[in-house]
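[1] Fold the following and give me the result.
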Amino acid sequence: MASGVKVDKKSFATYDEEMKKKKKYKFMLFELTKKFDKVKLIDLEKGDKKCDPTYEDFVKALCVDGQPRWGIFDYEAKKKDGAVLQKLVLISWCQDTAPLRKKMIHGSTHQSVKAKFNIDTCIQASLIAECEESCVRAKLNLS
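    Residues are numbered from 1 along each chain as shown. Next comes the predicted model:
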């Protein structure tokens, strides 16, 4: 069942222009507002390519105790044939220990977030181990 919560227009425009088109950010983080009425962009500076963020930096910023979030990472890796694969990966982070209301709204909003960002590679994680780079590589058939 969908929650009816939508991605904030300004947050989506920033993602679309600055990350998808201009490639200015290595990652972006999103979470529900305190009123649970929108999904908004947070901690934008952490993913700025000027700071040279790593995948580990992304996981550290995404996986905050009790805070369900979505993270989009611009993943780049070499395939076995030597070609470079570049994909946007969406990770939905929601621990089992998060407050019940947050978990329920996060879960029921996930499909609309995924559809809005139009990202086909998606991982749902409740443990940090499920966010490891090896999981992304497996999802992209790189392992």
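
[2] switch to C-alpha atoms for all contacts and neighbour counts from now on
    OK.

[3] Next, name the residue at the spatial heart of this structure.
    By Cα atoms, centre = their mean, the chain has its centre lying nearest to residue 71, at 1.6 Å.

[4] And the strands in the protein, which stretches?
    Along the chain, the stretches classed as strands by DSSP state E are 6-7, 27-32, 38-42, 69-78, 84-93, 121-125.

[5] what's the fourth one in contact with?
    If I follow you right, that is strand 69-78. The contact list for strand 69-78 (Cα atoms under 8 Å, 6 or more residues apart in numbering) reads 25-32, 55, 58, 62-63, 84-94, 106.

[6] Report pLDDT for the closest residue to residue 116 other than its chain neighbours.
    Computed as Cα to Cα, 6 or more residues apart in numbering, the closest residue to residue 116 that is not its neighbour in sequence is residue 7, at 7.4 Å. Per-residue confidence (pLDDT) for residue 7: 95.

[7] Thought residue 38 was touching residue 7, still the case?
    Yes - here residue 7 reaches residue 38: they are 5.6 Å apart, a contact under Cα atoms under 8 Å.

[8] Next, the angle from the longest helix along the chain to strand 84-93.
    If you go by DSSP state H, the chain has its longest helix at helix 100-117. Angular relation of helix 100-117 and strand 84-93 on a 0 to 180 degree scale: 150 degrees, by axes from the mean of the first three to the mean of the last three Cα atoms, to 10 degrees.
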